[in-house]
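>>> Attaching a predicted model along with its sequence, questions to come.
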Amino acid sequence: MKNNILLYITLLTAFSFNAHCQQGKVTAADKKYDNYAYIDAIKTYEKVAEKGYKSAEMFKKLGNSYYYNADLEEAARWYGELFSMDTTDLEPEYYFRYAQSLRSIGQNDKANELVQLFNQKSGNDSRGRLFMKNMNYLDAIKANSGRYKIEDAGINSIYSDYGTALYANEIVFASARDTGSLGQRKHKWTNQYFTNLYSANLGENMTPGQPQKLDKKINSKFHESTPVFTKDGKTMYFTRNNYLDGKKGKDANKITLLKIYKATLENDSWSNIIELPFNSDNYSVAHPMLSPDGKTLYFASDMPGTIGQSDLFKVQINDNDTYSNPENLGKMINTEGRETFPFVNDENEIYFASDGHPGMGGLDVFVSNINADGTFSNIQNLGADINSPKDDFAYLIDTKSRKGFFTSNRDGGLGYDDIYKFLELRKIKCQQILFGEITDLVTAELLPDTKITLFDNQFNAISTTVSNDKAAYSFMVECGKTYYVRAQKPEYTTKELKTTIAEENGKTYLPIALENAKCKVTIGDDLGKCFNIKMIYFDLDKSNIRQEAAFDLEKILDVLNQNPTMKLDIRSHTDSRQTFKYNEALSDRRAKSTINWLIKNGVSADRLTGKGYGETQLVNKCADDVECTEEEHQLNRRSEFIITAL
């Protein structure tokens, strides 16, 4: 895709070759490269490379020239040559570009390795962090695929056609098609004609008719693209090179960048063309998009405050036709890569193109929820129908018919960029996989064939499954919702857990440990483990039986009543804090209090023995003067009900 449209402008310094015979050709190529004449530069660089000359700087520029023009297959070829050389001092960005290029030709494993290296070398780049956080992102893309019916829009030429807008009963788009005008000019970056705006009537099923050039007052001898119209149809915002009233503006490097302009409709003609006040000769502002209420204007820019190579911004449109200061949409949306082509619908969603969020290669289209407070959440890749290994962007959807358009330079198209129309067959949903294993609470033994039921937050049953031979279960669930999971197995106590799913695609792990309802014990076993009784709780420094302690002792009492020949030795332990003598006395009082409670509730005294062991039988290292965590000390504070007879 065209570099000026993507706002991806990079200046690299010229380099020299040691081979004297190639010096003139390379110098000429450098000049073309630094003036953004990428097509011409490629021809020269490739001729030199084909003669066997190797240079890291040349391979960088060859790779970049193709990368900027969205020919990622050729970019991968030359970045591959670059990486075959010594990459010790190679800038981290090339790891990312090479990974994106490899992804476009299906080499995802190698691309993933490069992104991991990029993450290590770049330090704190959000693109690397997003990849590491979503290493299974291809699973999410797969889950979001198969939702569209896509076909050629029927308005494409052999040149570049892209960036659609709906206006009345028409589609308006940019095209580089040659209309036969004597003044038609080609752009050095792409060897394509400069784009103008065209419109076509929309017939049944949003099928465009024959394209016609838009108002000649809008179209100039430079680029026009990506219009958007107010609901009343009387105001248009659009992108154009820095050119107004016959005057062309340039930045400090004498490059004509992009600006957003505004026009109003008078007597069926567009006039009063003005540039917006937050434009600048020194950075690009492009691809305007209005919120459904017409009060917010979104756009892409590389203005100061940009996080990456281009970011999404917004301004408020005031009643007096003034604008607020531009506000960056923030790091939830923007990365160190390219974010561009925003589209906002009436369902509080923003669609945008990005190569910084994990995708399939090149630009992918993503969607995010716009929250009530203006923040964003739940960014999702639209899947492998809209997205491809090449550049996919300029997504537009009518929320009532679920029909729309997008642009792509994917294989099989007619021209450089092509416009496709689509029907969305089902809406995208943020989904997670809720999964886990079922185990025995005491032994940690895997429990296959356990019945698992998923309930919503109103306890309506949603789905039922059975744990597999590895005791695993899984459910597809929706993000942000609360669920209850119930596990049932013969001879085990039914257990139900509550879980709230995160508001992003991914996985939620919920293991379930079941308590065996028929605990098998023998002489020498701890009866307390049958009921997960780790400690009989007392108030600090006291030996009075508390209510929660009585609850646990009721379980022991019931077992003793069911088994009248069973005898127990009750042992109380402390941690090493306090003195040895104090701990011994306190634990002994507590053991005797436990015995007395059982006797008081009907157990014969000759069935019970007991003693306090203080800190003499620690289960870990936490003796006197050894630094331990509270959790480690807790392991030593325990109560045991050892079976001495059955």
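Everything's here; your move.
>>> Residue 390 reaches residue 72, doesn't it?
Yes. Taking Cβ atoms under 8 Å as the contact criterion, residue 390 and residue 72 are neighbours in contact, 6.5 Å apart. The C-beta positions use only the backbone N, C-alpha and C, and glycine is treated the same way.
>>> which residues do those two both contact?
Common contacts of residue 390 and residue 72 (Cβ atoms under 8 Å, 6 or more residues apart in numbering): 104, 361-362.
>>> which one of those sits closest to residue 439?
residue 361 (41.3 Å; Cβ to Cβ).
>>> Pull the contacting residues for that closest one.
Contacts of residue 361 by Cβ under 8 Å, 6+ apart are 72, 100-105, 111, 388-390.
>>> Tell me the one of those residues nearest residue 553?
Using Cβ to Cβ, these come closest to residue 553 at residue 111, 61.3 Å.
>>> Measure how buried the closest one is and give me the count.
23 (other Cβ atoms under 10 Å).
>>> does it count as helix, strand or coil?
helix (DSSP: H, G, I helix; E, B strand; the rest coil).
>>> wait, what's in contact with it?
Taking Cβ under 8 Å, 6+ apart as the definition, contacts of residue 111 comprise 98-100, 102-103, 361.
>>> out of residue 390 and residue 72, which sits in the busier spot?
residue 72 (25 against 22).
>>> and that one, backbone torsions?
phi -70, psi -20 (degrees, to the nearest 10).
>>> same question, residue 255
Taking degrees, to the nearest 10 as the convention, residue 255 sits at phi -100, psi 130.
>>> Then residue 51?
phi -80, psi 10.
>>> Which secondary structure elements does whichever helix or strand residue 131 is part of sit against?
If you go by DSSP states H and E, residue 131 is part of helix 126-133. Packing contacts for helix 126-133, counted by 3 or more Cβ pairs under 8 Å, 6 or more residues apart in numbering; DSSP states H and E, involve helix 108-122.
>>> so the helix it packs on versus helix 126-133, what angle?
On the basis of axes from the mean of the first three to the mean of the last three Cα atoms, to 10 degrees, helix 108-122 is oriented at 130 degrees to helix 126-133.
>>> Give me the buried positions along helix 108-122.
110-112, 114-119, 121-122 (16 or more other Cβ atoms under 10 Å).
>>> Any chance of those residues in a markdown table with pLDDT as columns?
Converted to a markdown table, these look like this (pLDDT from 0 to 100):
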| residue | pLDDT |
| --- | --- |
| 110 | 91 |
| 111 | 87 |
| 112 | 87 |
| 114 | 89 |
| 115 | 85 |
| 116 | 87 |
| 117 | 88 |
| 118 | 87 |
| 119 | 83 |
| 121 | 85 |
| 122 | 84 |
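>>> quick check, nearest of those residues to residue 166?
Nearest member of the buried residues of helix 108-122 to residue 166, counting by Cβ to Cβ, is residue 111, at 36.1 Å.
>>> Return the distance of residue 150 relative to residue 202.
17 Å (Cβ to Cβ, to the nearest Å).
>>> out of the two, which sits in the more crowded spot?
residue 202 (18 against 13).
>>> re the thing from before, what subset of the contacts of residue 111 is buried?
98-100, 102-103, 361.
>>> any chance of these in TSV, plus distance to residue 609, pLDDT and secondary structure?
Shown next, in TSV, are these (distance: Cβ to Cβ, whole Å; pLDDT from 0 to 100; DSSP: H, G, I helix; E, B strand; the rest coil):
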residue	distance to residue 609	pLDDT	secondary structure
98	74	92	helix
99	69	89	helix
100	73	84	helix
102	72	90	helix
103	71	86	helix
361	73	84	coil
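>>> Can you pull the domain assignment for this structure?
3-135, 148-424, 431-514, 527-645 (automatic domain parsing).
>>> Ok, which of those comes nearest residue 520?
domain 527-645 (8.8 Å).
>>> any chance of the contacts of residue 361 in JSON lines, plus distance to residue 287?
Shown next, in JSON lines, are the contacts of residue 361 (distance: Cβ to Cβ, whole Å):
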{"residue": "72", "distance to residue 287": "21"}
{"residue": "100", "distance to residue 287": "21"}
{"residue": "101", "distance to residue 287": "24"}
{"residue": "102", "distance to residue 287": "28"}
{"residue": "103", "distance to residue 287": "24"}
{"residue": "104", "distance to residue 287": "23"}
{"residue": "105", "distance to residue 287": "28"}
{"residue": "111", "distance to residue 287": "27"}
{"residue": "388", "distance to residue 287": "20"}
{"residue": "389", "distance to residue 287": "23"}
{"residue": "390", "distance to residue 287": "19"}
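>>> Let me know the closest of those to residue 633.
residue 111 (48.9 Å).
>>> Quickly note the distance from that closest one to residue 359.
Taking Cβ to Cβ, one finds residue 111 at 11 Å from residue 359.
>>> go on, residue 298?
Distance from residue 298 to residue 359, by Cβ to Cβ: 21 Å.
>>> Settle it for me: which of the two has more neighbours?
residue 359 (25 against 21).
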